[in-house]
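Colleague: next one to model:
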Amino acid sequence: MYVRHALVLASAVVALTACAGSTSPDPAATTTATAAAAASPSATAPAAALTITDPWVKTTKKGMTAAFGTLVNNTDAPVTITSGTSPLSPTIELHEVVENGGKMVMRPKEGGFVVPARGTHQLQPGGDHIMLMGVTEEVKPGARIPFTLQVQGGEPLEFTAIGKDFAGGEEDYQPGHK
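Modeller: Down below sits the predicted model:
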């Protein structure tokens, strides 16, 4: 009986693992650390401390835009993202969307993004996001935008986000938006 349960459990793990690799429409939209680990023949290679899944940037002609994805912490301690850089923008801030006086407003996230131990942190329209100001070139669908996120007391996270059209809740990341 135990053997049958073990076989069923092992089959489920294999099936779930196979499905997990198909969540991103663009296989290039992974972290540098994850790509390096996948290229290594060693089965005992440690997982990257922090990764991001499905990173993307809202298309824009100029001005401001935002980047999104899911930060994944593979460690037993919280990880804090303190800042970010990208050649697309001279100014990047970590932002949150909060209620202020009955209105939803964007503002810099005090203390950065904290990703809980063995947990995730969503970067999404209408919530926490990476804000790019003074964008230096048009972001078209399919554009590949490099990013580096600084991790407090740890290695930086480098990844490439993909440009995507997104109307969503009609968020406007341009100056003067309320």
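Colleague: pLDDT weak spots in the protein?
Modeller: Within the chain, the stretches with pLDDT under 70 are 1-47, 168-178.
Colleague: what ranges does it have for its helices?
Modeller: Taking DSSP state H as the test, the helices found in the chain are 2-20, 32-39.
Colleague: all strands of this protein, in order?
Modeller: 50-58, 63-73, 79-85, 91-100, 103-108, 113-115, 120-123, 129-135, 144-151, 157-164 (DSSP state E).
Colleague: mean neighbour count for these - can I get that in CSV?
Modeller: For glycine as for every other residue, the C-beta is placed from the backbone atoms N, C-alpha and C. Listed next are the strands of the chain as CSV, based on neighbours: other C-beta atoms under 10 Å:
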stretch, mean neighbour count
strand 50-58, 23
strand 63-73, 21
strand 79-85, 19
strand 91-100, 15
strand 103-108, 13
strand 113-115, 20
strand 120-123, 17
strand 129-135, 21
strand 144-151, 18
strand 157-164, 21
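Colleague: contacting residues around G163?
Modeller: W56, V57, K58, T59, V139, K140, P141, G142, A143, R144, I145 (C-beta atoms under 8 Å, 6 or more residues apart in numbering).
Colleague: hang on, the fifth one packs against K58?
Modeller: In this case it means V139. Yes: at 7.4 Å, V139 and K58 qualify as touching, with contact defined as C-beta atoms under 8 Å.
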